[in-house]
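Asker: need a structure here:
(one chain, ligands or ions: 1)
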Amino acid sequence: MNKLHIEGDKKLNGTVLISGAKNAALPILFMTILTKKNIELSNVPKLTDIGIAIKLLKSLGAKIINKNKILYIDPSEINTFCPPYNLVKKIRASIWMLSPLLTRFGKAKIFFPGGCKIGCRPINLHLNGLKELGAKIIKENNYIIASIQEPLRGKYIYIEKISVGATITIMSAATLAKGLTIIENAAKEPEIIDVANFLNTLGAKITGAGSNKIYIEGVFKLNGGYHKIIPDRIETGTFLVAAAISQGLIICHNTEPKHLISVLKKLSESGANITIGKDWIKLNMQKKTPQAVNISTSPYPGFPTDMQPQFALLNSIAKGKSIVVENIFENRFNYAQELIKMGAKIKIKNNYIICTGVPRLFSKNIFSTDLRGSATLILAGCIAKGITVVNNIHHFQRGYELFPSKLNKLGANIQCI
Ligand code: UD1
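Answerer: So this is what the prediction gives:
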């Protein structure tokens with residue numbers, strides 16, 4: 001499957017079940033390297049990135065059984081500190097293997113990680129954090145080699161820039177370090193809380209996750225346990241935008257409304273009628289054209305960069321003019337060129353775009369370039385006039401479980417070619 005044919009002009013209505021969060025499942029999978037006891041993980045989404053993470057763990061020696069989205073992981077026989085580079089380079093998340101491998105073996109050697117081309121995405125903050133805890137790090141032929149002579153030592157660490165990835169790396173490294181680590185200026189994303197909850201289930205002593213100061217009292221070893229992955233807030237937000245741009249009504253079930261406050265605020269500003277329950281969100285935009293909304297991305301609880309492309313699409317067909325500012329990644333407007341081909345009026349500047357809403361988009365042969373951009377172009381195809389062909393669809397498969405079939409159940413007509 002390499003292309004989607006999408007018949008447009010559809011209103012998307014109905015209910016959708018939200019999958020587990022990719023960005024929580026990935027680090028949690030790699031954190032299983034920290035223990036030798038059995039782990040059970042439920043609500044694990046079926047995605048290509050998760051498939052690669054599972055292959056990586058198996059390549060290290062872990063035994064994994066995958067039954068109905070529950071993973072049974074036996075990490076007791078993990079026996080190497082150097083995962084294969086051809087898998088590592090496929091996903092950015094493989095950087096999260098560095099600290100658990102280092103903790104387990106006293107040494108770790110991993111290839112520089114890959115991931116979406118949305119910016120230069122350095123890993124200096126991960127490496128600086130590990131150095132502060134006592135690791136020696138060298139870079140050699142595109143490999144990072146980390147080593148320790150004695151166990152890592154807890155420390156006060158101020159992360160100079162808010163980073164989800166670096167917060168998780170340091171938090172995991174500190175879990176089995178000697179003494180207390182304090183992470184200041186930590187990222188506050190729900191996925192970080194989920195990783196902390198998982199590690200605490202195994203016996204870690206982490207408090208403060210979800211705030212900008214995390215305390216980790218090192219423990220001697222971790223046990224096994226069961227953990228359920230939190231719902232995917234970005235998948236939820238993407239389906240809510242699907243309703244908003246198609247004058248539809250969608251109810252997302254199995255989600256966590258509290259994780260989407262900034263997104264719901266903007267959707268409501270655009271004119272959507274939103275109701276929420278304990279684990280569901282209903283968005284009604286029937287018979288209404290959305291109003292354009294200004295967006296400026298920032299770390300959680302600010303507006304998520306992973307929802308920026310979807311809102312640019314909303315603004316492209318909304319009433320009025322808007323500005324979308326990207327403050328996290330340097331190169332996150334590639335999808336906008338494709339929307340322009342479809343008739344969107346978007347001016348791309350440095351780290352912002354100016355959108356002037358048009359009444360409708362027109363089908364074209366378009367190319368997706370990254371995960372969230374790809375989901376956005378698929379949604380654009382659902383509302384455009386005519387048949388849109390979306391190429392390079394491996395991007396959406398990295399992060400959206402059964403996206404075409406979930407959309408088809410809501411009234412879309414998408415065929416995988
Ligand atoms: C994670 C998410 C991604 C999301 C992003 C921001 C995963 C697998 N990916 O990415 O979907 O868009 O958070 O919410 O969970 N930075 C540095 N040095 C570093 C690390 C990061 O300068 O060592 C910079 C980045 O270039 C970026 C900013 O810090 O400008 C934030 O990046 P970070 O929060 O680390 O994003 P990721 O963890 O890569």
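Asker: Any idea how many residues pack against residue 348?
Answerer: Applying the criterion other CB atoms under 10 Å, we find 13 residues in the vicinity of residue 348. C-beta here means a position set from N, CA and C on the backbone, and glycine is covered the same way.
Asker: Wait, it touches residue 338, no?
Answerer: No: using CB atoms under 8 Å, residue 348 makes no contact with residue 338, being 11.8 Å away.
Asker: I'd like to know which helix or strand in the chain has the lowest mean pLDDT.
Answerer: Every helix and strand of the chain was ranked by mean pLDDT, DSSP states H and E. The lowest is helix 394-397, at a mean of 92.
Asker: Residues touching it, excluding its own?
Answerer: When contacts are defined by CB atoms under 8 Å, 6 or more residues apart in numbering, helix 394-397 is touched by residues 2, 47-48, 116, 368-371, 373-375, 378, 403.
Asker: What subset of those residues is buried?
Answerer: With neighbours counted using 16 or more other CB atoms under 10 Å, those contain these buried positions: 47, 116, 368, 369, 370, 371, 373, 374, 375, 378, 403.
Asker: near the ligand, which of the residues you listed show up?
Answerer: Checked against the ligand using CB under 6 Å from any ligand atom, those yield no neighbours at all.
Asker: Arrange these in CSV, one row each, with secondary structure and pLDDT as further columns.
Answerer: Formatted as CSV, the buried ones among the contacts of helix 394-397 follow (DSSP: H, G, I helix; E, B strand; the rest coil; pLDDT from 0 to 100):
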residue, secondary structure, pLDDT
47, coil, 96
116, coil, 55
368, coil, 92
369, coil, 88
370, coil, 93
371, helix, 94
373, helix, 96
374, helix, 96
375, helix, 98
378, helix, 98
403, helix, 97
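Asker: Now the two most distant members of those.
Answerer: Of all pairs drawn from the buried ones among the contacts of helix 394-397, the greatest distance, 18.1 Å, lies between 47 and 369 (CB to CB).
Asker: Any regions of this protein where pLDDT drops low?
Answerer: 1, 114-119 (pLDDT under 70).
Asker: near the ligand, which residues of it?
Answerer: Listed as neighbours of the ligand in the chain under the rule CB under 6 Å from any ligand atom: 23, 26, 92-93, 119, 121-126, 161, 163-166, 187, 305-306, 328-329.
Asker: among those residues, which are in helices?
Answerer: Using DSSP state H, the subset of those located in helices is 23, 26, 124, 125, 126, 164, 165, 166.
Asker: what number of residues lie near residue 149?
Answerer: Applying other CB under 10 Å, we find 8 residues neighbouring residue 149.
Asker: In a strand, it, correct?
Answerer: No: with DSSP: H, G, I helix; E, B strand; the rest coil as the criterion, residue 149 is assigned coil and is not in a strand.
Asker: who touches it in this structure?
Answerer: Residues counted as contacts of residue 149 (CB under 8 Å, 6+ apart) are 106, 136.
Asker: try 6 Å this time
Answerer: Applying CB atoms under 6 Å, 6 or more residues apart in numbering to residue 149 gives no contacts.
Asker: And residue 386, by the same measure?
Answerer: Under the criterion of CB under 6 Å, 6+ apart, the contact list for residue 386 reads 8, 363.
Asker: separation between it and residue 5?
Answerer: 11 Å (CB to CB, to the nearest Å).
Asker: distance of the closest residue to residue 23 other than its chain neighbours from residue 140?
Answerer: With CB to CB, 6 or more residues apart in numbering as the measure, residue 191 is the residue that lies nearest to residue 23, at 4.6 Å, once sequence neighbours are left out. Taking CB to CB as the criterion, residue 191 is separated from residue 140 by 31 Å.
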